[in-house]
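Undergrad: Only the shape, not the letters, is given here:
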């Protein structure tokens, strides 16, 4: 954790590490979950300076050590991580945390890794090919409308099935809160899932990394879907800098 961050606009502020940055965001504060009846949802995303969410089809091409350290700390502070099936597959998810993060959580009497959650209406069979599904320390919850089976390959897999046309993001989040004790959830996209969450006003915090790259082309933005009318208002809560990367924290007013 050699990357440091400086809060902009705060005279005399000292550089901090990624763990301290997450503390400043108060991500672990679960009071919002108690009030909402669902987890506090933190959407984390990265985009280029010209608003693109991927390079050569992958968001990972935009990041660097500082961005990865913030993402790992966000996961470490949260009870669950929500990722769309296409993003899980394209980004080739294998593990959510490094060994030191898993040890820290275990020392705090928490599960070694946050729950991995995805919503796959048709239950994409490629999910079972991910290394994440072979990790015996990993609990995975899938919400789907499919009756197909999926092999866990070692992970603790729970498949929650809904009737076709009835799967609800809001109800899925409430289910995570009620039955699995999820107070804080990090959503890592992709753009379609994030749009769906925002459209239902289910996102409480937006943590946006601005990558010092210009991509151009036809790569997607961090949101993929129809126009919000009216546009959703969010409030700036913090700005940090690490090298040429900017880290922005916004909150949805409640």
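TA: Structure's in. What do you need? Being a predicted model, the structure only gives us computed values, none of them experimental.

Undergrad: pLDDT score for residue 122?
TA: What the model reports as pLDDT for residue 122 is 91.

Undergrad: and if you look at the one 5 residues further on?
TA: Residue-level confidence at residue 127 comes out at 93, pLDDT.

Undergrad: just residue 215 next, same as before
TA: 89.

Undergrad: which residue sits closest to it in space, ignoring its chain neighbours?
TA: Ranked by Cβ to Cβ, 6 or more residues apart in numbering and with sequence neighbours excluded, the top spatial neighbour of residue 215 is residue 52, at 3.9 Å. Using the backbone N, CA and C atoms, a C-beta is placed for each residue, glycine as well.

Undergrad: is it true that that neighbour lies in a helix?
TA: No: using DSSP: H, G, I helix; E, B strand; the rest coil, the assignment for residue 52 is coil, not a helix.

Undergrad: quick one: it and residue 217 touch, right?
TA: Yes: when contacts are counted by Cβ atoms under 8 Å, residue 52 is listed as touching residue 217 (7.2 Å).

Undergrad: Those two: which has the busier surroundings?
TA: Neighbour count, other Cβ atoms under 10 Å: between residue 52 and residue 217, residue 52 has more, with 22 against 9.

Undergrad: so what's that one up against?
TA: If you count contacts by Cβ atoms under 8 Å, 6 or more residues apart in numbering, residue 52 has them with 62, 215, 216, 217, 219, 220, 221.

Undergrad: Just the closest of those residues to residue 136, please.
TA: residue 62 (31.5 Å; Cβ to Cβ).

Undergrad: Apart from its chain neighbours, what residue comes closest to the closest one?
TA: residue 211 (4.1 Å).

Undergrad: do the same with residue 67
TA: residue 209 (5.0 Å).

Undergrad: The host helix or strand of that neighbour pairs with which strands, and in what direction?
TA: Here residue 209 sits within strand 205-211, counting by DSSP states H and E. If you go by DSSP bridges, strand 205-211 pairs up with strand 40-48 (parallel), strand 245-251 (antiparallel).
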